[in-house]
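Peer 1: Everything below, folded, please.
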Amino acid sequence: MERKLTCIICPRGCDMTLYLDDGKLISVDGNACPRGKTYAEDECTHPKRSVTSTVRTESGRLQPVKTSAAIPKELVFACMDEINSVVAPDGLSIGDAVISDVLGTGVDVVVTGKAI
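Peer 2: Model prediction:
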């Protein structure tokens, strides 16, 4: 089986062709660097996504947040449920964790900007 994929690791955006056999990646063509092949393998076997959102603060403002690393794609909606249930304290700084180890992934949800 053949699958087309555009690499999102760098701005180059290589158009890659993935060759799969029984769901397993056999080879990758079109990647300009080894990172593209790694991305293709990850995307085929266990895709991950970063989550960006906002949380309410105690004063009612919105605090921008994101996951500190990508989480398994199947956990994105559950992660959003966790984020939506949080009321963050006022006065947090960029990089402060709003949720530690979200959903047992080892990934934190961290502040990315000033509350608005």
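Peer 1: Excluding chain neighbours, what is closest to Pro64?
Peer 2: Spatial nearest neighbour of Pro64, chain neighbours left out: Gly113 (4.3 Å); criterion: C-beta to C-beta, 6 or more residues apart in numbering. The way it works is simple: take the backbone N, C-alpha and C, and place the C-beta from them, glycine included.
Peer 1: And stretch 59-74, how far out from the chain middle?
Peer 2: Mean-position distance between stretch 59-74 and its chain equals 10 Å (C-alpha atoms, centre = their mean, to the nearest Å).
Peer 1: could we number from 6 for the rest of this?
Peer 2: Shifting the count to begin at 6 puts that one at stretch 64-79.
Peer 1: And for it, what's in contact with it?
Peer 2: 51-62, 84, 88, 93, 95, 97, 102-103, 107-108, 110, 112-118, 120-121 (C-beta atoms under 8 Å, 6 or more residues apart in numbering).
Peer 1: what about the helix of greatest length in the chain, average pLDDT?
Peer 2: The single longest helix within the chain, with elements called by DSSP state H, is helix 39-50. The predicted model gives helix 39-50 an average pLDDT of 88.
Peer 1: Also stretch 17-33?
Peer 2: Here the average pLDDT along stretch 17-33 is 89.
Peer 1: what residue is smack in the middle of this protein?
Peer 2: Geometric centre of the chain, nearest residue: Ser55, 1.5 Å, by C-alpha atoms, centre = their mean.
Peer 1: hang on, the earlier thing: and the contacts of stretch 64-79, which of them are buried?
Peer 2: Taking 16 or more other C-beta atoms under 10 Å as the criterion, what is buried in the contacts of stretch 64-79 is 53, 56, 58-60, 62, 84, 88, 93, 97, 103, 107, 110, 112-116, 120.
Peer 1: buried residues in stretch 58-75?
Peer 2: For stretch 58-75, burial by neighbour count (16+ other C-beta under 10 Å) applies to Ser58, Thr59, Val60, Thr62, Gln68, Pro69, Val70, Lys71, Thr72, Ser73.
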